[in-house]
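Student: Here is a sequence with its predicted model. Questions after.
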Amino acid sequence: MDDICAIRQSSDYAAASHIPASVQWTPGDGGHILVNKSTKRLFVGRAVVHVYDHKLNCGPNGNFIKTDIGTFERAKFQLYAGKPNDVQFAEDFGDLFSNLKKIENMIATSSHHQDMLFTDLSARMIRFARPIFEKRAVTVANPYAQVYLEDVTFPTGENTAEERNPPMDNETRNWPVEEKYTSALRQIISHYKAVPLRVYKNDVFIEPTSVNETLQNATILISFSMRHTFLPKLKQDTFRANIEQILVLQGGGKLGNEFDNIDVRAGPITFSVPSKRKASTPVASTSKPLKTTKVGFTEPETSYPSQERAGDSMKGKERETDSASRSATAA
């Protein structure tokens, strides 16, 4: 991986031991934002992480999955990341997680910290997210707004919406959501604009419709800021590692296996199973011969002792009955 030393030695490398002591929380953005103590500017850290294929919602609609839950203007891009495969950065991931935990504790007023750091039985994860839409400073004309016939036939003399408000930006107007989300999008675009994620691979910008596929199982260098909000009714602190930029360093794409791209009608895929016995050591077989069943699998000839004993008993009784009959006849 290129420039490993440069990344790890940079002053904003979020896994570095000096980071917690060099930052502080200050009011901003409806809650608190993390800034550098010396410059008082927004702190933007960098980290190398592996993107999990888990709740990866970095497409045009982000985590706005169900149109009857929430509103589109509050939707976010999000990804969950963990320890990268690169040995040096893998060693740093524990320090990164620890640093972020210390930074949380600097501002938290409750024991419930939500939305950024996660630990389960398999791994520790960091959730990175960012709003898809930004509030406009000035309302713009909505090209999809309904126009009534009387407004066209009998104008009032007032300026039209297009004349009163500036035109809509092409990015938002052509924001490539799926058809089922277009109605929700058109309701908000006069007041909100879509802002694509800054995602690059080999210095080439990744278009919004290709971001999910590009980030899936990739190793990335992510730049992020941090936000905090306290929710008094829920008595919990929420945190967000806000995505500023993503550079794809390695990999990306769906995990494959031996069964991918193979015609199912071509026959089963076979696997060689190594024997645990030494070839030079003969082992006497104790199993009975195999027979092939009608459904194509084999099973050993199996006898059932209880049935054999029952059969022998019946045969014995038959012999006793025959003997008694012969004796009676002879008598």
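Tutor: Here it is on my side, so go on. Note that the structure is a prediction, hence the values are computed from the model and not measured. Numbers count the residues shown, from 1 in each chain.
Student: okay, CA-based contacts and neighbour counts for the rest of this
Tutor: OK.
Student: Tell me the bridge partners for residue 247.
Tutor: In this entry, residue 247 is beta-bridged to residue 200, residue 221, by DSSP bridges.
Student: Which stretches in the stretch 151-300 of the chain count as helices?
Tutor: 161-164, 170-173, 182-186, 211-215 (DSSP state H, counting those that start in this stretch).
Student: so of those, which one's packed in deepest?
Tutor: Stretch with highest mean neighbour count among the helices of the stretch 151-300 of the chain: helix 211-215 (a mean of 22; mean count of other CA atoms under 10 Å).
Student: what's that one in contact with?
Tutor: Here helix 211-215 makes contact (CA atoms under 8 Å, 6 or more residues apart in numbering) with 51, 56, 57, 58, 59, 199, 206, 248, 252, 253, 254.
Student: And the last one, how far from residue 211?
Tutor: Same thing as residue 254. 13 Å (CA to CA, to the nearest Å).
Student: ok so, going back, quick check: which of the helices of the stretch 151-300 of the chain is nearest to residue 72?
Tutor: With CA to CA as the measure, helix 182-186 is the member of the helices of the stretch 151-300 of the chain nearest residue 72 (6.3 Å).
Student: chain center to the closest one, what's the gap?
Tutor: Distance of helix 182-186 from the chain centroid (CA atoms, centre = their mean, to the nearest Å) equals 25 Å.
Student: Just the residues contacting it, thanks.
Tutor: By CA under 8 Å, 6+ apart, the list of residues contacting helix 182-186 reads 67, 71, 72, 142, 144.
Student: between the residues you listed, which is nearest residue 260?
Tutor: Comparing these against residue 260 with CA to CA places residue 67 closest, at 33.6 Å.
Student: which stretches of the stretch 151-300 of the chain have low pLDDT?
Tutor: Within the stretch 151-300 of the chain, the ranges that satisfy pLDDT under 70 run 151-164, 274-300.
Student: Let me see the ranges of the strands in the stretch 201-331 of the chain.
Tutor: Assigned by DSSP state E, counting those that start in this stretch, the stretch 201-331 of the chain shows strands spanning 204-205, 218-231, 236-251, 290-292, 298-300.
Student: swap that for the stretch 51-200 of the chain, please
Tutor: Ranges of strands within the stretch 51-200 of the chain are 76-82, 113-114, 117-119, 124-131, 133-135, 192-194, 199-201, based on DSSP E, counting those that start in this stretch.
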